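Novice: need a structure here:
(chains A, B, C and D)
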Protein chains: 2
Amino acid sequence: MAETGGKKRKNSLPTIYDIAELAGVNPSTVSRALNNPGRINAVTEAKIKDAAKKLNYHVNPFARALPTGKTKMIACIVADITNPMFFDAVRGAEAQASDLGYTLVIAESQESSSLEAATVERIMPSVDGVVLVTSRLEDAEVKEIASRKPVVLMNRRIDGLADVVADISAGIEQAVRHLKELGHESVAYLSGPSTSWMSKHRWQLIFDSAVKQGLKVVEIGPNEPVVDGGKASVDLVLASGVSAVIAYNDLIAIGLMSGLAERGVSVPSQLSIIGFDDIFGSDLTTPALTTIKSPLESAGKLAVQALLADIEDHDAEQALETAKRLAGHLVMRASTAAKK
Amino acid sequence: MAETGGKKRKNSLPTIYDIAELAGVNPSTVSRALNNPGRINAVTEAKIKDAAKKLNYHVNPFARALPTGKTKMIACIVADITNPMFFDAVRGAEAQASDLGYTLVIAESQESSSLEAATVERIMPSVDGVVLVTSRLEDAEVKEIASRKPVVLMNRRIDGLADVVADISAGIEQAVRHLKELGHESVAYLSGPSTSWMSKHRWQLIFDSAVKQGLKVVEIGPNEPVVDGGKASVDLVLASGVSAVIAYNDLIAIGLMSGLAERGVSVPSQLSIIGFDDIFGSDLTTPALTTIKSPLESAGKLAVQALLADIEDHDAEQALETAKRLAGHLVMRASTAAKK
DNA sequence: GACCTTTTGGCAATCGGTTGACAAAATAAA
DNA sequence: TTTATTTTGTCAACCGATTGCCAAAAGGTC
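Specialist: Model (predicted):
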């Protein structure tokens, strides 16, 4: 019969007191030798480190966190963990965090702002800082959180807070021009959740760009940012009479394509579709999805870099500056074609 | 009445000492009232809870962890966080963990057993238990870990340890029979990493089933369990002369399909392909991928249930029994066809 | 009212590190 | 050699909660 784990976890782990005894010094000397290299005589330090190695010592993060308040953990809160978009972001964040000796805690808010608030509340005491990826909270709530611990936003911008938002204006410009060049005269934007800053942001840029290029443009939404959300909007899209659609994200775009296929509307000959993010799978659809990619893995990395800079009182500007130079661009595939 | 020198400390978070002062009781009484309902007189308890609410008190998890050794955190270690297969598993795990008041720490081992060992070492002191999803460690290493803290395995089985492995024998049986009925006489198994228990397991079942049904069967591998891994195996597959392939996972299957498309080999008319897992995107390919699905979200849930049962000294058997009844089945789509 | 239980709540030790203050030792300067 | 300075390591007070032990208070019984 399978027993979960072993039950003999009585063996207390080695402590600095054990090391102190073995090395014949005071525990506080051990602490200094380990955390404050140079503060202690080199030979004593070496002796202590040897003892630590011999005992296979690992600092107890909780004992350390108590007096210092530093936990060496950071949280990453995402709206929907199954959206492939997050995985690139999370991977970047995780890699950067563990590179710098931090542990990443992940929590999902399931697209609910109240759940997000509760999650933040629960996790805050355990971490040194938080990366909010696509937060659904209100500005004031986010600011309140940021007043307690360092916070970096991804895919959202709030005055006075650090953020990592790839510049997609060029990508959108390309996309709209692309549609224009294909002879389209009208575009619809299939928006995301009404609480999504990024959805509004994209709409704004698309609107501006479309107007500038003389295209008619409408917003259709809000839509749930999942495949079914796109599928559900088929009727509205068809009724709007547009010949091209830009969706808030690839998931919606994919859902729309599949809904259209069921209706016998062919893409791209009858309707051109462009998504956002270039998630896994967006090149697998038929036709392959044209999409505006944003560099999510780098964004995740930079968000963590900036967060840790803030936490450790370094200069966060560098990471944030680099982040400003992140840019999205159009990935041309097969879901767009000339209007006929 | 003794004046307790109620001078406010730094603007730090409220502690049980603040509550004690406000409620006019001893800190230990506060601790008991909060964690041990019933141990304390009802009216005192209510008074304490009121005070706690008024101060917006939240227990400091680190201060608690120190004497108890319980952190209310569990870790989930995955081989490759960008493999969509993990999305569902992680989502199930996260949901179940936060439901039960635990926080999920996620770490990625990047398919490297040494990195996995280091990661485990780093995270172990911070958590009450570990879910190893597709571990690449050796049995002995895993056992050593399990001797220190509760461990539950997903997608792997080691004697004496708790595991959650969906029963895919029926699904494989269906798949092989399906191929047989389509007139195929030979199958190749595109295996995964050589350190993957699950890859061996699948090969074993496929082999047995194929032999039983009188099909010729070969193993081609190991392959990296990513899209490029599948793409890279095209030559070997074509050279083997089989008319059907079962891949270790959907990613490899998808890669193979795309590699074949580049070679002008058409699926399924010239080669039938079956994957494993039914990940996001596997229904988006052309042709849509026939695959053996396993219930990953439930598996993630059950793994956490079993782990927490062990941690909290309940009975883990129930969750493990339920897990034994998880079964995978064939999802028939369009990547298989009659041999011609 | 005396005696015995059971509740209830306080005291103080403890978990494992960190760190300011300070003494002892070593080194440099006078 | 004496004094000033720096280096090195010790002491002890925390950090915030938990918990065994014990005494005071309350409730029951005869």
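Novice: against residue A:165, how distant is whichever residue of the stretch 201-340 of chain A sits closest to chain B?
Specialist: As assessed by C-beta to the nearest C-beta, chain B sits closest to residue A:281 within the stretch 201-340 of chain A, at 3.3 Å. The way it works is simple: take the backbone N, C-alpha and C, and place the C-beta from them, glycine included. In this view, residue A:281 and residue A:165 are 24 Å apart by C-beta to C-beta, to the nearest Å.
Novice: now name the helix or strand holding the closest residue to DNA strand C within chain A.
Specialist: Distances between chain A and DNA strand C by C-beta to the nearest atom of the strand are smallest at residue A:28, namely 2.8 Å. Using DSSP states H and E, residue A:28 sits in helix A:27-35.
Novice: residue A:262 too?
Specialist: Residue A:262 belongs to helix A:250-263 when assigned by DSSP H and E.
Novice: what mean pLDDT does that helix get?
Specialist: Helix A:250-263 carries an average pLDDT of 97.
Novice: show me which residues of chain A are close to DNA strand D?
Specialist: A:25-29, A:32, A:39-42, A:44-45, A:66-67 (C-beta under 7 Å from any atom of the strand).
Novice: pLDDT at residue A:119, what is it?
Specialist: pLDDT, residue A:119: 89.
Novice: same question for residue A:122.
Specialist: We have a pLDDT of 87 for residue A:122.
Novice: for the residue nearest to it when sequence neighbours are not counted, give me its contacts.
Specialist: Spatial nearest neighbour of residue A:122, chain neighbours left out: residue B:103 (7.2 Å); criterion: C-beta to C-beta, 6 or more residues apart in numbering or on different chains. Applying C-beta atoms under 8 Å, 6 or more residues apart in numbering or on different chains, we find residue B:103 in contact with A:105, A:107, A:122-123, A:126, B:72-74, B:97.
Novice: try residue A:111
Specialist: A:79-80, A:136, A:193, A:224-225.
Novice: now list the buried members of those residues.
Specialist: Buried members of these, scored by 16 or more other C-beta atoms under 10 Å in any protein chain shown, are A:79-80, A:136, A:193, A:224-225.
Novice: ok, so of those residues, who is nearest DNA strand D?
Specialist: Of all those, DNA strand D sits closest to residue A:136, with 29.0 Å by C-beta to the nearest atom of the strand.
Novice: does the helix or strand containing residue A:88 reach chain B?
Specialist: If you go by DSSP H and E, residue A:88 is part of helix A:84-99. Yes. Helix A:84-99 reaches chain B (C-beta under 8 Å from any C-beta of the partner chain) through A:84, A:87-88, A:90-91, A:94-95, A:98.
Novice: returning to what we had before: I'd like the contacts of residue A:111 laid out as TSV, including pLDDT.
Specialist: Converted to TSV, the contacts of residue A:111 look like this (pLDDT from 0 to 100):
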residue	pLDDT
A:79	90
A:80	88
A:136	92
A:193	95
A:224	96
A:225	96
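Novice: farthest pair within the residues you listed?
Specialist: By the measure C-beta to C-beta, A:136 and A:224 form the most distant pair in those, at 12.5 Å.
Novice: overlap in contacts, the two.
Specialist: Listed contacts common to residue A:136 and residue A:224 are A:111, A:193; contacts here mean C-beta under 8 Å, 6+ apart.
Novice: quick one: low-confidence residue ranges for chain A.
Specialist: Applying pLDDT under 70 to chain A flags residues A:1-12.
Novice: would you pull up the residue in it closest to DNA strand D?
Specialist: residue A:26 (2.9 Å).
Novice: a strand runs through residue A:189, doesn't it?
Specialist: Yes. With DSSP: H, G, I helix; E, B strand; the rest coil as the criterion, residue A:189 is assigned to a strand.
Novice: got the residues of chain A near DNA strand C?
Specialist: Contacts of chain A with DNA strand C, taken as C-beta under 7 Å from any atom of the strand, map to A:12-17, A:27-28, A:31-32, A:34-35, A:57, A:59-60, A:63-64, A:66-68.
Novice: got a ChimeraX select line for the buried ones in those residues?
Specialist: Remark: buried members of the residues of chain A next to DNA strand C, expressed as a ChimeraX selection using 16+ other C-beta under 10 Å:
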select /A:14,15,16,31,32,34,57,59,60,64
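Novice: show me the residues of chain A next to DNA strand C that map onto helices.
Specialist: Mapping these onto helices (DSSP state H) picks out A:16-17, A:27-28, A:31-32, A:34-35, A:63-64, A:66-68.
Novice: can you pull the contacts of residue A:291?
Specialist: So residue A:291 contacts A:250, A:253, A:274-278, A:282, A:330-331, A:333 (C-beta under 8 Å, 6+ apart).
Novice: same thing with residue A:22?
Specialist: Residue A:22 touches A:51, A:54-55, counting by C-beta under 8 Å, 6+ apart.
Novice: give me the nearest residue to residue A:295, chain neighbours excluded.
Specialist: residue A:326 (5.2 Å).
Novice: count of neighbours near the one you found?
Specialist: 17 (other C-beta atoms under 10 Å in any protein chain shown).
Novice: thought it was touching residue A:301?
Specialist: No. Assessed by C-beta atoms under 8 Å, residue A:326 is found out of contact with residue A:301, at 10.1 Å.
Novice: ok, the closest residue in space to residue A:274 that isn't next to it in sequence - how many residues close by?
Specialist: Of all residues not flanking residue A:274 in the chain, residue A:246 sits nearest, at 4.7 Å (C-beta to C-beta, 6+ apart). Per other C-beta under 10 Å, the neighbour tally for residue A:246 reads 30.
Novice: same check on residue A:322?
Specialist: 15.
Novice: residues contacting it?
Specialist: residue A:302.
Novice: now name the helix or strand holding it.
Specialist: Assessed by DSSP H and E, residue A:322 sits inside helix A:317-324.
Novice: again, but for residue A:198
Specialist: Here residue A:198, judged by DSSP H and E, is contained in helix A:197-212.
Novice: tell me the strands beside the following helix or strand past that helix, with direction?
Specialist: Using DSSP H and E, the helix or strand that follows helix A:197-212 in sequence is strand A:216-220. Looking at strand A:216-220 with DSSP bridges, its partner strands are strand A:186-190 (parallel).
Novice: could you tell me the angle between the partner strand and helix A:250-263?
Specialist: Computed with axes from the mean of the first three to the mean of the last three C-alpha atoms, to 10 degrees, the direction of strand A:186-190 lies at 120 degrees from that of helix A:250-263.
Novice: and the angle for strand A:186-190 with helix A:197-212?
Specialist: Going by the same axes, to 10 degrees, strand A:186-190 makes 170 degrees with helix A:197-212.
Novice: which residue does the stretch 101-250 of chain A bring closest to chain B?
Specialist: For the stretch 101-250 of chain A, C-beta to the nearest C-beta, closest residue to chain B: residue A:106, 4.7 Å.
Novice: run a quick neighbour tally on the closest residue to residue A:128 other than its chain neighbours.
Specialist: Nearest residue to residue A:128, sequence neighbours excluded (C-beta to C-beta, 6+ apart): residue A:311, at 4.9 Å. If you count neighbours by other C-beta under 10 Å, residue A:311 ends up with 19.
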